[in-house]
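Engineer: got a structure for you, letters missing:
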């Protein structure tokens, strides 16, 4: 068995945000976001230690796996060449959130986003945010 770690870089040159300002008197600003972009994904798979029968702890099975099969050579690791698999795909993002303005200069918020990547993957995130306004 392996543990997979996904790193995602989203570049969204076209991302629209519509903010509802009807609730400004309560210092609440709900909003929706949507748009398209480019997604760079990098995955890294590490063998789990409880599978000692499958992974003996010697090369080529003692480091993060490429394609879930074999690890990168120690010579490339020593040179600092990145490990893992990567891909670039197009996709789209939709989401919604809410911002609470504590003062005119300070705000807090929560946001949910769903991303659909053309290669067939999807990712949902829930995040909090803290903002300064001037």
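Structural biologist: Received, thanks. Treat the numbers as computed from the prediction; the structure is a model and nothing was measured.

Engineer: so what's residue 11 up against?
Structural biologist: Neighbouring residues of residue 11 by CB atoms under 8 Å, 6 or more residues apart in numbering: 37, 38, 39, 40. Every residue, glycine included, has its C-beta placed from N, CA and C.

Engineer: need these in CSV with secondary structure, can you?
Structural biologist: As requested, these are exported to CSV (DSSP: H, G, I helix; E, B strand; the rest coil):
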residue, secondary structure
37, strand
38, strand
39, strand
40, strand
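
Engineer: closest one of these to residue 108?
Structural biologist: residue 37 (25.8 Å; CB to CB).

Engineer: ok, the contacts of residue 11 vs residue 110, which is closest?
Structural biologist: Nearest member of these to residue 110, counting by CB to CB, is residue 37, at 21.6 Å.

Engineer: doesn't residue 93 make contact with the closest one?
Structural biologist: Yes - contact status for residue 37 versus residue 93: in contact at 6.5 Å, counting by CB atoms under 8 Å.

Engineer: who touches both of those two?
Structural biologist: What both residue 37 and residue 93 touch, as defined by CB under 8 Å, 6+ apart, is the set 10, 12, 15.

Engineer: so what's the second one closest to, chain neighbours aside?
Structural biologist: Pointing back at residue 12 there. residue 37 (3.4 Å; CB to CB, 6 or more residues apart in numbering).

Engineer: noted, bye for now.
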